[in-house]
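S.K.: based on what follows, work out the 3D shape:
(2 chains)
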Amino acid sequence: MNCNHAAATFLSLSLPPPSSVLFPKSPSAILGPNQILLPRNARLGLRLRLRASNGDSNVQAANWSKWIPEGSFAADKVFRLIAGATASPIGQFVASPTTFLHSIDPRVKLVWLLALVVLPARSHIIMRFALVVYLTLLSIWALPRNAWTDQLGRVYLLSGLLFITSGLGSDGAPALVQLRTPPPAMMGLPNLPVSLTGYAYTIMKLGPLTFTRKGLSVASTIACLTFTVFQSASLCLTTTSPEQLAFALRWFMLPLKYIGVSVSEIVLTLLLSLRFISLVFDEVRNIALGIVSRRLNWKQLTVMETIDIFFNYFRRIFKNIFSHAEQISQAMIVRGFKGDCGTHKIYFLSESSFGMVDIICLLCLTLLIGAALLSEYYLV
Amino acid sequence: MNLSYLTRFPERLVAPLYATLPTTATTSGNRPENFAIEGRNLKFSFTTRQTQDVPVLKDCSIRIPCGQFWMLLGPNGCGKSTLLKILAGLLTPTSGTVYVNGPKSFVFQNPDHQVVMPTVDSDVAFGLGKINLAHDEVRSRVSRALHAVGLSDYMKRSVQTLSGGQKQRVAIAGALAEACKVLLLDELTTFLDEADQVGVIKAVRNSVDTSAEVTALWVTHRLEELEYADGAIYMEDGKVVMHGDAASIRSFIEARQSAYITQINS
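M.R.: Residues are numbered from 1 along each chain as shown, chains lettered A, B, ... in the order given. You can find the predicted model right below:
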């Protein structure tokens, strides 16, 4: 938010109309030409504006207004960032170029996905990082350049942040929560001997922060798990059509039908959700672009007005999404859906055959699981 | 887009049912078998928060013969879409009777509201879920419907990657795949460029031409689209003002437009 003013707005019917610039007679007096800030009816009422800005002699206001985000966090930049971030497809199926990942049976992909979600939590640190490298290389190889740069950029950023925070935070906890055992010297015991093999519990010290072996273990688990979960899911969604995914899920869940699980309902919900993701991104982007295209002079807006625009933005997103949901439900009714997933058949027209590639993929998965299990015993 | 069906259709033109306000007497009696859509004395109103009744439709009566392509015109807010939603069964009229041949299909103005599934072929097949069909039959119907709207190469495409016009054609293909007897189409060309507008309207014309049982009612604002219609209905302020062949309606609207321009200029 690029604001250096703060204002509180009160409705007051008893006060006479103010006449200064800060208390304008007309609400439009505080606006520049061709500016649209708020709905007209929101500004017509008589208002008392209490403004504080850097220009005022109020020292307190100047003190706290410096904390208001500026520069790269300015409101218009935030909206541009939102519009840009949602422009590229996230978790959307990319039909072409067709890679070998597209040709793998969706059931095999789901098994791989499950394994990649579980393995980082139950394997050696080297194995975890090997999985990250493997997924990175696979993404670069299988996806178009713009898709993998976008995906990997986001996931690496998130995983990196998690690695740093959990690495420095896990063992940097205050002494209050640590065991209150007195140091060995106080109990008449000799100090622990220095490791002859170069072992050190503390890997790095950054001022008050320490990066220890425990921190490394926790950080690598969290970061690698986050990376593998997000990236393997992205990779799966990018190379598998939603119908194939739904088909695979239904295949695995069919036995649950006998214990009363509504498999068809889950499958339809999955398909609708995958359809809805794109609509949500469209809405988020379109409304953000709509605000950016109004070319608001954010510097002239007060904090409350900026916050108001942000609230209006989120309100509009939810309103539009609910409207979409209502229209789609009407469309489903018109197209013959009567609310019972059991009677409305979902046709999966994609051909899915289990071939040699799938067998090789399963063999590779078996080897990977074996290596991960063995790594726990042989890599110390 | 398949253009082979683009033929003239003067023989399909029917005499105007009535070129003035329809009366109850005109539509009274049993429904003749050759009408695919019939609405009699339809009224529809909604209640506002202040519990005021706002009338949207005021005694509307329409009749559309089987196997024809009709258009519904009128200014914004005159009740066209409401009438169409009543015919589709999405709204219940306050009073009056409705008959629409079944099965019927409704296509929304905004294709994003119509397309339910994430990929093209599965969306076209969605409407077939209510019928128990063999997979081969479903594939064949989907393939034919997409061919009719010129999207044969887009079967496996994600809906997200399509343009507005292409999504609109997917929506129409979904309606065509169901082999419906009545197509109710709400301002399909609103979001489309000129080429897509012509493509979509020809796709509907084609489906009406290829089957004597298919009837289409198309809501539009564009007079030039009347060229493709067999008949038209003109509405104003919740009432059917005129109901007849496309040429008569076009002359009527153009006469009103010129009278309005003359009035402004005088």
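S.K.: and whichever residue of the stretch 51-200 of chain A sits closest to chain B, what helix or strand is that in?
M.R.: The nearest approach of the stretch 51-200 of chain A to chain B comes at residue A:93, 5.0 Å away (Cβ to the nearest Cβ). Where C-beta positions appear, they are placed from N, C-alpha and C, glycine not excepted. Assigned by DSSP states H and E, residue A:93 belongs to no helix or strand.
S.K.: contacts only, for the closest residue to residue B:121 other than its chain neighbours.
M.R.: Using Cβ to Cβ, 6 or more residues apart in numbering or on different chains and skipping the chain neighbours, the partner closest in space to residue B:121 is residue B:155 (4.4 Å). Contact analysis of residue B:155 by Cβ atoms under 8 Å, 6 or more residues apart in numbering or on different chains lists A:349, B:120, B:121, B:142, B:143, B:146.
S.K.: let me have the residues you listed in CSV, adding neighbour count and pLDDT as columns.
M.R.: What follows is the contacts of residue B:155, written out as CSV (neighbours: other Cβ atoms under 10 Å in any protein chain shown; pLDDT from 0 to 100):
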residue, neighbour count, pLDDT
A:349, 18, 74
B:120, 27, 91
B:121, 28, 89
B:142, 24, 92
B:143, 17, 91
B:146, 23, 89
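S.K.: ok, those vs residue A:206, which is closest?
M.R.: Nearest to residue A:206 among the contacts of residue B:155: residue B:120, at 53.8 Å, using Cβ to Cβ.
S.K.: the closest one contacts residue B:152, doesn't it?
M.R.: No - Residue B:120 lies out of contact with residue B:152 (Cβ atoms under 8 Å); the separation is 10.2 Å.
S.K.: joint contacts of these two?
M.R.: With Cβ under 8 Å, 6+ apart as the test, residue B:120 and residue B:152 both reach residue B:146.
S.K.: contacting residues around residue A:160?
M.R.: Counting by Cβ under 8 Å, 6+ apart, residue A:160 has contacts residue A:223.
S.K.: what's the first helix or strand after the host helix or strand of it?
M.R.: Element membership of residue A:160 [criterion: DSSP H and E] is helix A:145-170. Counting by DSSP H and E, the next helix or strand C-terminal to helix A:145-170 is strand A:202-206.
S.K.: mind jotting down where the helices sit in the stretch 51-200 of chain B?
M.R.: Remark: helices assigned in the stretch 51-200 of chain B by DSSP state H, counting those that start in this stretch are B:80-88, B:111-114, B:120-126, B:135-148, B:164-177, B:194-210.
S.K.: please list the residues of chain A that sit near chain B.
M.R.: When proximity is defined as Cβ under 8 Å from any Cβ of the partner chain, chain A approaches chain B at A:89, A:92-93, A:95, A:241-243, A:271-272, A:274-275, A:278-279, A:282, A:324, A:327-328, A:330-338, A:343-350.
S.K.: circling back to that earlier point, where does the residue nearest to residue B:121 fall, phi/psi-wise?
M.R.: phi -60, psi -40 (degrees, to the nearest 10).
S.K.: before we move on, the earlier item: drop anything exposed from the residues of chain A next to chain B.
M.R.: A:89, A:92-93, A:95, A:241-243, A:271-272, A:274-275, A:278-279, A:282, A:324, A:327-328, A:330-332, A:334-337, A:344-350 (16 or more other Cβ atoms under 10 Å in any protein chain shown).
S.K.: nearest to residue B:178 among the contacts of residue B:155?
M.R.: Nearest to residue B:178 among those, with distances taken as Cβ to Cβ, is residue B:142, at 10.7 Å.
S.K.: what is the neighbour count of the residue lying closest to the closest one once chain neighbours are set aside?
M.R.: Closest residue in space to residue B:142, ignoring its immediate chain neighbours: residue B:124 at 4.7 Å, by Cβ to Cβ, 6+ apart. Look at residue B:124: counted by other Cβ atoms under 10 Å in any protein chain shown, it has 32 neighbours.
S.K.: so is residue A:227 in a helix, a strand, or just coil?
M.R.: Three-state assignment for residue A:227 (DSSP: H, G, I helix; E, B strand; the rest coil): helix.
S.K.: surely it and residue A:135 touch.
M.R.: Yes - between residue A:227 and residue A:135 there is a contact under Cβ under 8 Å: 7.1 Å.
S.K.: neighbour count: the two, which is higher?
M.R.: Neighbours per residue (other Cβ under 10 Å) separate residue A:227 from residue A:135, with residue A:227 holding more: 26 against 21.
S.K.: what is the neighbour count of the residue nearest to the more buried one when sequence neighbours are not counted?
M.R.: Of all residues not flanking residue A:227 in the chain, residue A:159 sits nearest, at 4.3 Å (Cβ to Cβ, 6+ apart). Residues lying near residue A:159 (other Cβ under 10 Å) number 22.
S.K.: contacts only, for residue A:159.
M.R.: Taking Cβ under 8 Å, 6+ apart, we find residue A:159 in contact with A:223, A:224, A:226, A:227, A:230.
S.K.: and it, how close does it get to residue A:128?
M.R.: In this view, residue A:159 and residue A:128 are 11 Å apart by Cβ to Cβ, to the nearest Å.
S.K.: overlap in contacts, these two.
M.R.: In contact with both residue A:159 and residue A:128: residue A:224, using Cβ under 8 Å, 6+ apart.
S.K.: contact residues of chain B facing chain A?
M.R.: So far as Cβ under 8 Å from any Cβ goes, chain B lies against chain A at B:88-90, B:105-106, B:108, B:110, B:112-119, B:121-122, B:125-130, B:132-133, B:135, B:138-139, B:142, B:155-161, B:174, B:178.
S.K.: give me that answer again for 7 Å
M.R.: Proximity of chain B to chain A (Cβ under 7 Å from any Cβ of the partner chain) is limited to residues B:88, B:90, B:106, B:108, B:112-114, B:116-119, B:121-122, B:125-130, B:132, B:135, B:138-139, B:142, B:156-160, B:174.
S.K.: counting neighbours, which of those residues end up buried?
M.R.: B:88, B:90, B:106, B:108, B:112-114, B:116-119, B:121-122, B:125-130, B:138-139, B:142, B:156-160, B:174.
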